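Trainee: I need the structure of the sequence given here:
(one chain, ligands or ions: 1)
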Amino acid sequence: MVGVLDGKVALVTGAARGIGRAIAEKLAANGADVALCDLQADWLKDTASAVESRGRKAACFAADVSQAAAVDTVVSGTNNALGRLDILVNNAGITRDTFLLRMSEQDWDAVIDINLKGTFLFTKAASKLMIRQKNGVIVNIASIIGLIGNAGQSNYAASKAGVIALTKSAAKELASRNIRVNAVAPGFIETKMTEALPEEIRRKMLEAIPAGRFGRPEDVAEAVLFLSSDASSYMTGQVLNVSGGMVM
Ligand SMILES: NC(=O)c1ccc[n+]([C@@H]2O[C@H](COP(=O)([O-])OP(=O)(O)OC[C@H]3O[C@@H](n4cnc5c(N)ncnc54)[C@H](O)[C@@H]3O)[C@@H](O)[C@H]2O)c1
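Mentor: Numbers count the residues shown, from 1 in each chain. Below you'll find the model as predicted:
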């Protein structure tokens, strides 16, 4: 079967579980070989098996996205193991939720370092390679919280708003090099990240979703596939909202 990403190499961060794993599987199912990066080396093996079960190559990298030297090693390692890098998906992310007045400097720094600085470091390292290749696609996983804010998530909201601004700036800088940079802004997606929320909050969230259901990791992966493929070749600097209508 011919896939829309045949011959392409993708790199997905935070690929051990949740949305990142679903993205890795989706890109592999559509023909891409996939490099996988996460802090959780053991879980990465499961994602690698899922990629390989679709007849594609996988390469695993246990690394922290907020560490510049580690990021450079992952990008050069992807090039060495899989031969090139066509698609970068910046997905790794964390939350450290609490109200502003109670938020520690550590909670602020951890979220900004992983969600925003990690996206910057990978975008910088990958775009150097993509410029040499004369093509590339970068998809950043933001959040609707980066568009509308949320009480108890000022660090997370600021990091995701930063990811959106970084997406637009990088898109402007890199368009002439044939590199597209877009973002996906998911709403409430059922993963380990949202599993921990109290039932009362989940019920309120559900009431605010016109589609009447929480999102699935696959819903986000479909949007990433679209932005990774030539189907979106005239789109750059855009934020695709995948929230069941929660934000319009
Ligand atoms: N779940 C949602 O409702 C939702 C909504 C909007 C946006 N998002 C975003 O989607 C992305 C994925 O979220 P998820 O729900 O799958 O979360 P998750 O917690 O299930 O998965 C996140 C993955 O990132 C990895 N990770 C965390 N810190 C890392 C680091 N420093 N270096 C490398 N890997 C690291 C984790 O080990 C984990 O495998 C995140 O950026 C998140 O902010 C999620």
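Trainee: for the ligand, what are the nearby residues on the chain?
Mentor: Proximity of the chain to the ligand, by CB under 6 Å from any ligand atom, involves residues 13-14, 16-20, 38-40, 64-66, 91-94, 114, 141, 143, 186, 188-189, 191-194. For the C-beta atoms, the positions are set from N, CA and C on the backbone; glycine is no exception.
Trainee: Recalculate using a threshold of 5 Å.
Mentor: For the chain, the contact set with the ligand under CB under 5 Å from any ligand atom comprises 14, 16-19, 38-40, 64-65, 91-93, 114, 141, 143, 186, 188-189, 191-194.
Trainee: Which of the residues you listed are buried? Put it as a PyMOL command.
Mentor: Remark: buried members of those, expressed as a PyMOL selection using 16 or more other CB atoms under 10 Å:
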select buried, resi 14+16+17+18+19+38+39+64+65+91+92+93+114+141+143+186+188+189+191+194
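Trainee: In strands, which of the residues of the chain next to the ligand appear?
Mentor: Among the residues of the chain next to the ligand, the ones falling in strands (DSSP state E) are 38, 141, 186.
Trainee: okay, these in TSV with distance to A170 and pLDDT next?
Mentor: Below are those laid out as TSV (distance: CB to CB, whole Å; pLDDT from 0 to 100):
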residue	distance to A170	pLDDT
D38	23	98
I141	14	99
P186	20	98
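Trainee: Check those against M205 and report the nearest one.
Mentor: P186 (12.6 Å; CB to CB).
Trainee: Strands along the chain, start to end?
Mentor: Using DSSP E, strands in the chain cover 9-13, 33-38, 58-62, 87-90, 136-141, 179-186, 239-242.
Trainee: Could I get the ones you listed in TSV, plus columns for distance to K172?
Mentor: As requested, those are arranged in TSV below (distance: least, CB to CB, whole Å):
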stretch	distance to K172
strand 9-13	22
strand 33-38	26
strand 58-62	29
strand 87-90	17
strand 136-141	13
strand 179-186	9
strand 239-242	14
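Trainee: In the protein, which residue sits furthest out from the middle?
Mentor: The outermost residue of the chain, judged against the average C-alpha position, is L101 (29.2 Å), by CA atoms, centre = their mean.
Trainee: so who does the residue nearest the centre of the chain touch?
Mentor: Using CA atoms, centre = their mean, the residue of the chain that lies closest to the mean C-alpha position is N91, 2.2 Å off. N91 sits next to 12-15, 19-20, 23, 141 when contact means CB atoms under 8 Å, 6 or more residues apart in numbering.
Trainee: K160 is in contact with N115, isn't it?
Mentor: Yes - contact criterion CB atoms under 8 Å: K160 and N115 qualify, at 6.6 Å.
Trainee: neighbours of E200, just the number please.
Mentor: Number of residues near E200 (other CB atoms under 10 Å) recorded here: 8.
Trainee: how much space between it and the ligand?
Mentor: Applying CB to the nearest ligand atom, to the nearest Å, the value for E200 to the ligand is 17 Å.
Trainee: That residue and E207: what is the separation?
Mentor: 11 Å (CB to CB, to the nearest Å).
Trainee: Identify the residues contacting D113.
Mentor: Taking CB under 8 Å, 6+ apart, one finds S66 in contact with D113.
Trainee: Please identify the buried residues of stretch 107-122?
Mentor: In stretch 107-122, counting by 16+ other CB under 10 Å, buried: 107-108, 110-122.
Trainee: For it, the averaged confidence score.
Mentor: In this model, stretch 107-122 carries a mean pLDDT of 99.
Trainee: Who are the packing partners of the lengthiest helix in the chain?
Mentor: Criterion DSSP state H: the longest helix present in the chain is helix 154-174. Packing partners of helix 154-174 (3 or more CB pairs under 8 Å, 6 or more residues apart in numbering; DSSP states H and E): helix 105-111, helix 118-133, strand 136-141, helix 145-148, strand 179-186.
Trainee: which ones are touching I141?
Mentor: Contacts of I141 by CB under 8 Å, 6+ apart are 19, 89-91, 93, 163, 183-184, 186, 220, 224.
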